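1. just to be clear, the model below is a prediction. Sequence and coordinates:
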Amino acid sequence: MSRMIEIAPSILSADFANLSREIEKVEDGGADLLHLDIMDGHFVPNMTIGPPVVASIRKCTRLPLDAHLMIEEPSRYIDPLIQAGVNWISVHAEADRHLNRTVSHLKEQGVRAGVALNPSTPLSVLDEILEIADYVLIMTVNPGFGGQRFIASMLEKIRKLRDIITSKSYRARIEVDGGIGPDNLQQVLSAGAEIVVVGAAIFKADRPASEVVGDLRAISQKYARIVETV
Ligand code: DX5
Ligand code: ZN
């Protein structure tokens, strides 16, 4: 069965003083959505952007906005982010005591609802939520910073999740985030990922960002063709 593969550049490693130009580069390269890392300095040891900056980003791109909330009590910021124009929101299972309420609320608001898991969080926390989630974000680094090394043992976690989703015929898609680039994209796709977040490999490359996004797309299209012919 063919899966729709989407490339989601993360602006965490972009030049924040020139965001609209940076976003234009990945749009030109054919990005499918734009991944926004929202950090509060509590859930993770770093701070980034909030609803006002997201609202400005909304005005300079037509790409769907995928907000990854690395914040405590994420439900407090969901409505402001929806008003700012995001289309997808993932909340960390470790940060939200009322995941069912949050995921249900996101869906009611017409936003894609995602549940994110840190590398050390087992898939079993998804048991009672996977059926209604639109996507699961598997962290393949410890959240907080761009440019970290991919944790190879996460490939098995992605495979296991893919098996669960397939065996139960759930609709949830798998997003992966951290340490991914042209060199290991095929591996995460083979393990079962569909939405691939890429930060440093795009924005810290020694070649144009649009070119890297083009390569990532080419790799995923090649992978999709191989899978279709099997
Ligand atoms: C890390 C963030 C990621 C980060 C990925 O906490 O969630 O989205 O930007 O960046 P790279 O691809 O550089 O690991
Ligand atoms: Zn992220």
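-> Everything's here; your move. Ligands and ions are numbered 1, 2, ... in the order given.

2. confidence-wise, which helix or strand of this structure is lowest on average?
-> Within the chain, no helix or strand scores below helix 209-229, which has a mean of 94 by mean pLDDT, DSSP states H and E.

3. contact partners of that one?
-> 2-3, 5, 7, 9, 22, 25-26, 28-31, 181-182, 185-186, 189-190, 196, 198, 201-203, 205 (C-beta atoms under 8 Å, 6 or more residues apart in numbering). All C-beta spots, glycine's among them, are computed from the backbone N, C-alpha and C.

4. which parts of it are buried?
-> Within helix 209-229, the residues that count as buried by 16 or more other C-beta atoms under 10 Å are 209-210, 212-217, 219-220, 223.

5. figure out how far it is from the centre of its chain.
-> 17 Å (C-alpha atoms, centre = their mean, to the nearest Å).

6. hmm, that helix touching ligand 1?
-> No. Helix 209-229 stays clear of ligand 1 (C-beta under 6 Å from any ligand atom), getting no nearer than 11.1 Å.

7. for stretch 166-179, same thing?
-> Yes. Shown here: stretch 166-179 in contact with ligand 1 (C-beta under 6 Å from any ligand atom) through 177-179.

8. output those residues as TSV; include the columns pLDDT and distance to residue 144.
-> Shown next, in TSV, are the residues of stretch 166-179 next to ligand 1 (pLDDT from 0 to 100; distance: C-beta to C-beta, whole Å):
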residue	pLDDT	distance to residue 144
177	99	12
178	99	10
179	99	13
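
9. could you dump those to CSV with secondary structure, distance to ligand 2 and neighbour count?
-> CSV is the format used below for the residues of stretch 166-179 next to ligand 1 (DSSP: H, G, I helix; E, B strand; the rest coil; distance: C-beta to the ion, whole Å; neighbours: other C-beta atoms under 10 Å):
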residue, secondary structure, distance to ligand 2, neighbour count
177, strand, 4, 25
178, coil, 7, 26
179, coil, 11, 23
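
10. please name the nearest non-neighbouring residue to the residue of the chain found nearest ligand 1.
-> Proximity of the chain to ligand 1 (C-beta to the nearest ligand atom) peaks at residue 199, 2.7 Å away. Leaving out its chain neighbours, the residue that sits closest to residue 199 by C-beta to C-beta, 6 or more residues apart in numbering is residue 10, at 3.7 Å.

11. quick check: phi and psi on that neighbour?
-> With angles defined as degrees, to the nearest 10, residue 10 sits at phi -100, psi 130.

12. can you tell me if stretch 71-88 touches ligand 1.
-> No. Legend: contact between stretch 71-88 and ligand 1 by C-beta under 6 Å from any ligand atom is lacking; minimum distance shown is 11.8 Å.

13. ok, that stretch near ligand 2 or not?
-> No. Figure legend: stretch 71-88 not in contact with ligand 2 (C-beta under 5 Å from the ion); closest approach 11.4 Å.

14. ends of that stretch, how far apart?
-> 16 Å (C-alpha to C-alpha, to the nearest Å).

15. for that stretch, buried residues please.
-> Neighbour-count burial for stretch 71-88 [16+ other C-beta under 10 Å]: 71, 73-75, 77-78, 81-82, 84-88.

16. out of the contacts of helix 209-229, which end up buried?
-> Here, 16+ other C-beta under 10 Å leaves 3, 5, 7, 9, 22, 25-26, 29, 31, 181, 185, 189, 196, 198, 201-203 buried among the contacts of helix 209-229.
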